[in-house]
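S.K.: pasted the sequence and its predicted model underneath.
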Amino acid sequence: MRVVILSSGGKDSTYSCWWALMRGWDVVANITVDVQGEDSMMFQIPGTNIVEHQSKSSEIKSYKVCVTGIPDKEVDELESYLQNTDLEYDAVVTGAIRSDYQKTRIERMCERLGKISFTPIWHNDSLSHLESLCNEGFKVIISSVSCEGLTKEWIGKEINTDNLLHLKDLSKKYGFNVDGEGDEYETIVIDAPHFKNEIHYEGKIHWDGVRGHILFETFSTLD
């Protein structure tokens, strides 16, 4: 099976890439969607430049697709790229967990392209998914927060076994999804089982008193 991964560099798409590799599939490329607008209903925006370094560390080719971020049109723009690429692949793998909006649009796109759509972590239990990331050696960094209960101190923090219980307690207290699937927070992955080297980043934290994110300046692969 030859597959391409739609990768944002976050925990779910990075995990899905590893999932495909563990099945012995040929991961032809990581495809990153670069949103040119200020928002997107489909794709993550901050920190996606890390995918280039993740790909280098896992010896996978990396490609970037520029889209406008306009609802529905952005999927058409991705589809046009995949339709005209020279890459030979059988399926598209995504890290969707619970967004029907994302999953159905990718499935329809794949149907038009004549490709298979795989969503390996679809409807995985939230806490179990995070525990699996920690136990399998994924280093997941919170890159942005945008909900009550997650303060500035969580920006740049690694999700690990030491603070996962705290995150769970906060999610119950404030009513947000512990895995961030309601856009309560976003992540990047700086190390994973299929990486040969950890990734280093530099950046500054922007905080407006309610929400904030890392303004990434550089990424580099550590030897």
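M.R.: Received it, and whenever you're ready, just let me know what you need. Note that the structure is predicted; figures quoted are calculated from it, not measured.
S.K.: could you use CA atoms for every contact and neighbour count after this?
M.R.: Will do.
S.K.: helices and strands around the longest helix that the chain contains, which ones?
M.R.: In terms of residue count, the longest helix belonging to the chain (DSSP state H) is helix 100-113. Under the contact criterion of 3 or more Cα pairs under 8 Å, 6 or more residues apart in numbering; DSSP states H and E, helix 100-113 touches helix 73-84, strand 116-118.
S.K.: what's the shortest one packed up against?
M.R.: Spelled out, it's strand 116-118. Packed against strand 116-118 by the contact rule (3+ Cα pairs under 8 Å, 6+ apart) you find strand 91-93, helix 100-113.
S.K.: what about the helices in the protein?
M.R.: With DSSP H as the criterion, the chain has helices spanning 11-22, 50-58, 73-84, 100-113, 126-135, 164-174.
S.K.: Throw those helices into JSON lines and include mean neighbour count, thanks.
M.R.: As requested, those are exported to JSON lines (neighbours: other Cα atoms under 10 Å):
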{"stretch": "helix 11-22", "mean neighbour count": "21"}
{"stretch": "helix 50-58", "mean neighbour count": "22"}
{"stretch": "helix 73-84", "mean neighbour count": "16"}
{"stretch": "helix 100-113", "mean neighbour count": "16"}
{"stretch": "helix 126-135", "mean neighbour count": "16"}
{"stretch": "helix 164-174", "mean neighbour count": "15"}
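S.K.: which of the helices and strands packed on helix 100-113 sits closest to Asn124?
M.R.: Nearest of the helices and strands packed on helix 100-113 to Asn124, taken as Cα to Cα: strand 116-118 at 13.8 Å.
S.K.: who touches that closest one?
M.R.: Applying Cα atoms under 8 Å, 6 or more residues apart in numbering, the contact partners of strand 116-118 are Asp90, Ala91, Val92, Val93, Thr94, Ile106, Glu107, Cys110.
S.K.: of those residues, which is the nearest to Leu170?
M.R.: Thr94 (27.8 Å).
S.K.: tell me how many other residues crowd the closest one.
M.R.: When neighbours are defined as other Cα atoms under 10 Å, Thr94 has 26 of them.
S.K.: residue contacts, Val145?
M.R.: Applying Cα under 8 Å, 6+ apart, we find Val145 in contact with Thr151, Lys152, Trp154, Ile155, Glu184, Tyr185, Glu186, Arg211, Gly212, His213.
S.K.: is it in a bridge, and if so with what?
M.R.: On the basis of DSSP bridges, Val145 is bridged to Tyr185, Gly212.
S.K.: turn the contacts of Val145 into CSV, columns for distance to Thr221, pLDDT and neighbour count.
M.R.: Listed next are the contacts of Val145 as CSV, based on distance: Cα to Cα, whole Å; pLDDT from 0 to 100; neighbours: other Cα atoms under 10 Å:
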residue, distance to Thr221, pLDDT, neighbour count
Thr151, 29, 97, 15
Lys152, 26, 97, 20
Trp154, 24, 98, 19
Ile155, 21, 98, 23
Glu184, 28, 95, 19
Tyr185, 24, 96, 23
Glu186, 21, 95, 24
Arg211, 29, 94, 18
Gly212, 25, 96, 21
His213, 22, 95, 25
